[in-house]
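1. Based on what follows, work out the 3D shape:
(one chain, ligands or ions: 2)
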Amino acid sequence: MFAKCDVTQDEDFKGAWDAAEENLGPVNVLINNAGIGNEKKWELTLNINVGGYIRGTMLALERLGRNQNGSGGTVINISSVAGVKPVPFGPVYCATKYAIVGFTRAMGHDLHLARTGVKIQALCPSLVKTDLLTDSVKNAISPEVGAAMAKYAEGLKEMTVETVAGALVKLLTEGKSGACMVVEAEKEPYYVNDSV
Ligand SMILES: NC(=O)C1=CN([C@@H]2O[C@H](COP(=O)(O)OP(=O)(O)OC[C@H]3O[C@@H](n4cnc5c(N)ncnc54)[C@H](O)[C@@H]3O)[C@@H](O)[C@H]2O)C=CC1
Ligand SMILES: CCCCCC(=O)/C=C/[C@H]1[C@H](O)CC(=O)[C@@H]1CCCCCCC(=O)O
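-> Numbering: from 1, shown residues only. Ligands and ions are numbered 1, 2, ... in the order given. All right, here's what the predicted structure looks like:
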């Protein structure tokens, strides 16, 4: 099914959730995935990459939280390797992905899990060659930085969408709330940043 959803808009997010329930039945997993890499439009990048994830998580807590008579569930936030190490090619992008790791660790803490019964987790993939990379090169802070990003990316080992999806299933099925899992080419996925 398809539903229009601009993640910066509350009404769109609620409408997409309702449409999913009407068409598919009860929802108990939300994956916050929409993201951009645009250093020139830094406020838009924050609104989508951070605001959209927080909006989605708050909606999931409202709809799924046991403290709201919900059934519990899981939110997976797609951060990035750029959320656990500084990536100089996209400083704003990097800041948004660090923000998501911090938000996930804090909101995923047992203090909240005990209240809501909703697990909050983050997946931090390394590079997959999607439109995001092309757009990020085009919208880098300067043409030179864009060129350096493209050159660096060329030198990286290829990682497939299937590898990322496999890690996501592992995180969803075995990961604790607050867990942040990194997935890189030719490595077993691993956890970082244990909760306090
Ligand atoms: N491609 C990569 O190397 C990596 C990507 N990520 C993250 O994975 C997620 C998905 O990225 P990709 O599939 O690679 O990029 P992509 O550019 O192929 O997909 C991003 C999607 O987000 C959607 N989107 C953008 N703004 C939106 C908005 N306001 N509302 C709703 N949807 C919106 C776009 O329409 C697009 O379908 C992003 O959060 C990205 O930061 C994380 C690590 C590595
Ligand atoms: C180590 C960072 C992995 C980043 C994967 C990702 O989220 C891609 C993001 C691009 C973004 O749109 C703006 C950027 O700066 C990113 C490109 C980064 C170049 C690849 C670095 C990959 C690596 O070292 O594993």
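2. ok, residue 119 touching residue 65?
-> No - Residue 119 lies out of contact with residue 65 (CB atoms under 8 Å); the separation is 11.6 Å. The way it works is simple: take the backbone N, C-alpha and C, and place the C-beta from them, glycine included.
3. Does anything pack onto the longest helix along the chain? Which helices or strands?
-> Secondary structure of the chain per DSSP state H: the longest helix is helix 91-107. When contacts are defined as 3 or more CB pairs under 8 Å, 6 or more residues apart in numbering; DSSP states H and E, helix 91-107 sits against helix 42-46, helix 52-64, strand 73-78, strand 118-125, strand 180-183.
4. TSV please, covering these and showing mean neighbour count.
-> As requested, these are arranged in TSV below (neighbours: other CB atoms under 10 Å):
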stretch	mean neighbour count
helix 42-46	15
helix 52-64	20
strand 73-78	22
strand 118-125	26
strand 180-183	24
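5. so which of the ones you listed comes closest to residue 193?
-> strand 180-183 (4.9 Å; CB to CB).
6. Show me the shaky parts of this structure.
-> 194-196 (pLDDT under 70).
7. And the residue of it closest to ligand 1?
-> Ranked by CB to the nearest ligand atom, the top residue of the chain for proximity to ligand 1 is residue 35, at 2.4 Å.
8. tell me which residues form a beta bridge with the residue nearest the centre of the chain?
-> By CA atoms, centre = their mean, the chain has its centre lying nearest to residue 78, at 2.0 Å. As for beta bridges, residue 78 partners with residue 123 under DSSP bridges.
9. need the contact list for it.
-> 31-33, 35, 122-123, 125 (CB atoms under 8 Å, 6 or more residues apart in numbering).
10. picking up where we left off before, what's the neighbour count on the residue of the chain closest to ligand 1?
-> 20 (other CB atoms under 10 Å).
11. Secondary structure class of it, three-state.
-> Three-state assignment for residue 35 (DSSP: H, G, I helix; E, B strand; the rest coil): coil.
12. Skipping adjacent residues, who's closest to it in space?
-> Of all residues not flanking residue 35 in the chain, residue 49 sits nearest, at 5.0 Å (CB to CB, 6 or more residues apart in numbering).
13. what's the distance between that neighbour and residue 32?
-> Note on residue 49: its distance to residue 32, by CB to CB, to the nearest Å, is 9 Å.
14. Next: residue 81.
-> 17 Å.
15. before we move on, what about residue 26?
-> 19 Å.
16. who has more neighbours, residue 49 and residue 32?
-> Taking neighbours as other CB under 10 Å, residue 49 and residue 32 compare with residue 49 leading, 27 against 23.
17. List phi and psi for residue 49.
-> phi -70, psi -30 (degrees, to the nearest 10).
18. For it, which residues are in contact?
-> So residue 49 contacts 35-36, 93, 96-97, 99-100 (CB under 8 Å, 6+ apart).
19. Within range of ligand 1, give me the residues from the protein.
-> For the chain, the contact set with ligand 1 under CB under 6 Å from any ligand atom comprises 5-8, 33-36, 48, 78, 80, 125, 127-128, 130-133.
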